[in-house]
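Q: Sequence first, predicted coordinates after that:
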Amino acid sequence: MTSAASVASSKTTTDYRDALRATDEVRGLELPITEGAVPKALRGTLLRNGPGVQRAGDTPVHFLDGYGFVAIARFEDGRAVYHAREVDLPLARRERAAGKLLARRPFTNRPGGRLANVFRLALSTGAAHDVYAWGGAIVASDIDGHYLLDPRTLDTRGPAPLNARGGGMVQISAMPRPDAFTGNLVAWTTKPGILGMDTVTFYEFDAAWQEKARVTRSLGAKGVGLHDHTSTENHYVAAQFGRFDVGVLASGAGVALDSVRLPDGASGIVLVPRKGDGPIRRISLGEKRQIFHIANAYEENGKVVADGAVYEGGLDFRPLNAPEMTYDESSVSAASGPFFTRFTLDPATGAHTVDVRREARGEAGTVRGDRHGRRHRFAWVSAPGTRGDEPFENAYYWYHAIGKIDCDAGRTVDLWDAGPRVFVSAPQVVARGEAEDDAWVLAWTHDAAQKKGELVILDAADLARGPIARLALPAPLPAASHVDWMAG
C-alpha cells in the first residue's frame with residue numbers, strides 16, 4: 001500500500017496546515033514514555049480515525065474527504081503498543097489505479113466542472129469519520145460505508161454487515177453508538193423521498209451483527225441532514241445539522257455541503273420513539289444555528305434532556321481544503337461558538353426549552369461510558385484554548401485545549417490548554433473509580449513547533465494540572481475526526 005506520507009502535499013507550511021499532514025503506517029511499536037507514568041490500572045485500547053491522505057490519485061481533495069487512517073494504542077501493565085494503518089478501501093484502490101477522483105465527495109467535486117457532477121446525488125467517502133469497536137472488530141466509518149479492521153493488526157477485513165442497509169442515496173449514520181439499555185449497536189439510515197418525505201430507519205444489532213430491532217419514521221421534510229445520535233431508555237435522539245437544497249445539490253455547481261440551508265427548523269434535535277407509534281418530536285434551533293454532535297441524553301421526570309454543541313451561523317468548511325484548492329478567504333463565514341447547549345423536551349406534548357450556555361465552549365463532547373443514556377453532570381470536550389494561526393477558531397480539528405463542562409451549571413469548570421502551537425484531538429474518558437470525574441482523559445496531540453506527536457493522559461478531575469503521562473508517537477498524526485475506547 002502506498003505510504004500516506006508519499007502523497008502528502010508539500011505546501012503544508014503553516015501550523016494549521018501542518019496539523020493536517022499525512023503520516024506513515026506503523027506496526028506494533030511500544031511507545032516511549034517521556035513524562036510521568038502510565039497508570040497500571042489503565043487497560044484497553046484508545047482508537048482514533050481521521051483522513052490520512054488529501055489526494056485521490058492526482059486530484060487534491062478536501063481534508064474531510066481523505067482516506068481513513070486509523071491509529072490505536074493498546075494499554076496494559078503501564079505500557080502502550082501502537083499501530084497505525086490506512087484503511088484499505090475499494091474506492092481508494094480504484095482511484096489510485098485511475099490516477100484521479102472518481103466519485104463525488106461531500107466536500108469535493110469530481111474534476112470536470114458542473115457537468116461532471118450534475119445529478120450525482122450519491123456521495124462517496126474515505127471511511128475517515130468515526131471509529132468504534134463492535135463484534136470483535138474495529139470499524140472505520142462514514143456515511144456510505146463501514147469497514148471491519150482486525151483489532152490487533154488493523155488489517156482491513158472488508159465491509160461491515162451494516163453496509164447492506166445503505167447504498168446509493170441511502171446514507172448510513174457515520175457514528176453508530178452502543179446502547180446502554182439493550183447492549184445493542186444503534187445505527188440509522190436516511191432515505192430521500194422521491195414523491196413523499198425523507199424517512200429515517202433506526203436499527204439495532206447484536207455483537208454478531210444480527211438485526212434485533214428496526215423503527216422507520218417519516219422526517220416530515222426533504223433533504224434532511226442527520227449526523228450524531230444517542231439513545232435514552234425510550235427514545236433515539238439525533239442531531240439534525242441542516243437541510244439540503246436538493247436542486248442546488250443536483251446541479252453539481254458546488255460541493256454537496258454548499259447546498260446545506262439553515263432556515264428555522266432545519267437544524268436541531270430529532271426525537272424518535274423506540275417503541276410504539278408516538279410522534280416524532282423536534283427541537284428547532286431557529287435560523288442560522290447548527291448542531292452536529294450530542295454528548296449524551298437521558299430521561300428525567302418524563303422529559304428527555306440532551307447536551308450538545310451549537311454554532312451560531314453555519315460552519316464554513318473551506319479552510320480545510322487541500323492547499324491546491326483555492327477559494328476566496330475573505331468570504332469565509334465566521335460562525336460563533338460552539339456553545340454547549342442543554343435541550344429539554346417533553347415527548348408527550350412537544351414542549352421544550354433550548355438553553356445556550358455561552359460560558360461553556362467546546363465540541364465533540366463525551367461522558368463516561370457508564371453514563372451513556374443516564375443522568376450525567378460532567379462532559380469533557382475539545383476546546384478552543386489559546387488561539388494559534390488557524391484561519392478561524394471554530395473548527396475543532398485546530399483546537400488547543402481539553403475542557404471539562406459542568407452541564408448542570410452550564411459553564412466550563414476546568415481546562416488544560418496545550419498552547420497555541422499544539423493541536424489536541426477530541427478527548428476520550430475512561431472510568432477509574434465511582435465518582436463521575438474519577439477517570440482518566442486521553443487525547444492525541446500534534447506539536448507543530450516541535451514537529452512531534454504525543455498521546456497524553458490527564459486526570460479528569462484536574463485537567464489544569466497537565467498530563468500525568470506523555471507518550472511519544474513515532475511521527476505526528478493528522479488531525480483526528482473522532483476517538484473511542486475499547487475495553488479489555
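A: That came in fine, so what should we check first?

Q: All the strands of the stretch 1-150 of the chain, in order from the start?
A: Along the stretch 1-150 of the chain, counting by DSSP state E, counting those that start in this stretch, strands occupy 26-30, 33-36, 44-53, 55-56, 59-60, 67-76, 79-86, 130-134, 137-142, 145-149.

Q: Show me the one of these that comes nearest residue 206.
A: Nearest to residue 206, of all those, is strand 130-134, at 9.8 Å by Cβ to Cβ. (Glycine included, C-beta is placed from N, CA and C.)

Q: got the angle for the closest one vs strand 67-76?
A: Relative orientation of strand 130-134 versus strand 67-76 (axes from the mean of the first three to the mean of the last three Cα atoms, to 10 degrees): 50 degrees.

Q: which secondary structure elements does strand 130-134 contact?
A: Under the contact definition 3 or more Cβ pairs under 8 Å, 6 or more residues apart in numbering; DSSP states H and E, strand 130-134 sits against strand 44-53, strand 137-142, strand 177-178, strand 482-487.

Q: Look up the closest residue to residue 76, ignoring the ones flanking it.
A: Of all residues not flanking residue 76 in the chain, residue 43 sits nearest, at 5.6 Å (Cβ to Cβ, 6 or more residues apart in numbering).

Q: The one you found contacts residue 75, doesn't it?
A: Yes: applying Cβ atoms under 8 Å, one finds residue 43 in contact with residue 75, separated by 5.9 Å.

Q: neighbour-wise, which of these two wins?
A: residue 75 (25 against 14; other Cβ atoms under 10 Å).

Q: Report the contact partners of that one.
A: Counting by Cβ atoms under 8 Å, 6 or more residues apart in numbering, residue 75 touches 38, 42-46.

Q: Got the phi and psi for residue 329?
A: Residue 329 has phi and psi values of phi -60, psi -30 when expressed as degrees, to the nearest 10.

Q: measure it to residue 431 for me?
A: Note on residue 329: its distance to residue 431, by Cβ to Cβ, to the nearest Å, is 44 Å.

Q: Neighbour count: the two, which is higher?
A: Shown here are residue 329 and residue 431; by other Cβ under 10 Å, residue 431 has more neighbours (17 against 10).

Q: And for residue 201, the neighbour number?
A: 16.

Q: For it, which residues count as its bridge partners?
A: residue 189, residue 216 (DSSP bridges).

Q: That one touches residue 215, doesn't it?
A: Yes: between residue 201 and residue 215 there is a contact under Cβ under 8 Å: 6.9 Å.

Q: Show me where the protein dips below the pLDDT cut-off.
A: Residue ranges of the chain with pLDDT under 70: 1-13.

Q: dump the residue contacts of residue 94.
A: Here residue 94 is in contact with residue 102 (Cβ under 8 Å, 6+ apart).

Q: if I look at it, how far off is residue 67?
A: 12 Å.

Q: Got the phi and psi for the residue nearest to residue 394 when sequence neighbours are not counted?
A: Nearest-residue entry for residue 394: residue 335, 5.3 Å, with adjacent residues in sequence omitted and distances by Cβ to Cβ, 6+ apart. As for residue 335, its main-chain torsions (degrees, to the nearest 10) stand at phi -70, psi 150.

Q: By residue count, tell me the biggest helix in the chain.
A: Of all segments of type helix in the chain, defined using DSSP state H, the longest is helix 90-98.

Q: Which positions in it come out as buried?
A: By neighbour count with 16 or more other Cβ atoms under 10 Å, helix 90-98 contains the buried residues 91-92, 95-96.

Q: which two from the contacts of residue 75 end up farthest apart in space?
A: Pairwise distances across the contacts of residue 75 peak at 13.3 Å for 38 and 45 (criterion: Cβ to Cβ).

Q: ranges for the helices of this protein?
A: 15-18, 90-98, 114-117, 246-251.

Q: Would you format the ones you listed as JSON lines with distance to residue 448 included?
A: JSON lines is the format used below for the helices of the chain (distance: least, Cβ to Cβ, whole Å):
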{"stretch": "helix 15-18", "distance to residue 448": "4"}
{"stretch": "helix 90-98", "distance to residue 448": "27"}
{"stretch": "helix 114-117", "distance to residue 448": "34"}
{"stretch": "helix 246-251", "distance to residue 448": "36"}
